[in-house]
Structure formats: structure tokens, C-alpha cells
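**Q** Task: produce atomic coordinates for the following.
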Amino acid sequence: DLIVHVRDITHPETILQKATVLSVLKNLNLPSHLLDSMVEVHNKVDLIERYKPAEENALAVSALYGHGLEELKQEIEKKILTATGKKILTVDINLKGPQLSWLYKEAAVQEVEVMPEDGTARVKVIISSSAFGKYKNLFPN
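**A** Here you go, the predicted model:
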């Protein structure tokens, strides 16, 4: 669904390495949308003072110190959701019904916040549009 190209930005041949990787990927005859949506990551930015990526949309990270990793995670999540046609939703459910079980089978449940006082839960899921349509038909309330 997504290509993440991680480069050692401190390597003296980093530009040549990028060109080589892109050439290999193009020769694999991958769908063009994969190449167009590729996430470029510049790693080891902690070794270069005040590093700013020259390439548009490149993410600067330091895996060693964790700098930029949250932004990278968010970018990957956003692109995966776009590529797969899924979305993140929060739904309120009644715990006495079958909704939670259905969501565990048909979606990726991320969080469940139970409200015991009224027997409900707030559930955060990653779900496809078609599965969410089925959910709304099965559980109209």
C-alpha cells in the first residue's frame, strides 16, 4: 500500500543512492500511485546541524533520538488510510448489543472507552467505507 524510502542523509553518496533506489523501483513496474505517494525519510539528521530537507515533502528524523518519528507515524497513517480507502472513526455503542463484537470482526478496533454508568462505550476504529455502511444498516441507532 505504501513505500517508505529511508535514507542515511549523512552518507556521501546519498543523492546517488536515491537515484539508484528510484531506478530499481521504476524497473519493477510498480503502479505509478505507489511511486507518487512514496514517503521519503531523511534519517540521522542529528549528525547535521540545523538540517532542513532540500526535497519537498521529505521528513527529517533521527531514529537514534526519536526526533521526527511521531510526524513520520502520522504521515504513514494518513497515506495508508488514503491508499486503502479506510478512515478512522469513533462510534458510541451499547455494550448490551452485538456492535462491539461486530466491530472487532469487521474493523480494526484501536481504543475502547467504557462508560459503565450507562452501559455504553466509545470505540475508535479503522474501517472501510463499505464496512461502515454495513454497520449503519445493521445498527441504525
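**Q** now the helices for this structure?
**A** 14-27, 32-36, 69-84, 99-106, 129-138 (DSSP state H).
**Q** Dump those into JSON lines; add distance to Ile3 and mean neighbour count as well.
**A** Any C-beta I mention is one placed from the backbone N, CA and C, and that applies to glycine too. Shown next, in JSON lines, are these (distance: least, Cβ to Cβ, whole Å; neighbours: other Cβ atoms under 10 Å):
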{"stretch": "helix 14-27", "distance to Ile3": "7", "mean neighbour count": "12"}
{"stretch": "helix 32-36", "distance to Ile3": "6", "mean neighbour count": "11"}
{"stretch": "helix 69-84", "distance to Ile3": "10", "mean neighbour count": "14"}
{"stretch": "helix 99-106", "distance to Ile3": "28", "mean neighbour count": "16"}
{"stretch": "helix 129-138", "distance to Ile3": "24", "mean neighbour count": "13"}
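**Q** Lowest average confidence across those, which one?
**A** Comparing mean pLDDT across these, the weakest is helix 32-36, with a mean of 90.
**Q** My understanding was that Val4 contacts Val39; is that so?
**A** Yes - between Val4 and Val39 there is a contact at 4.7 Å, judged by Cβ atoms under 8 Å.
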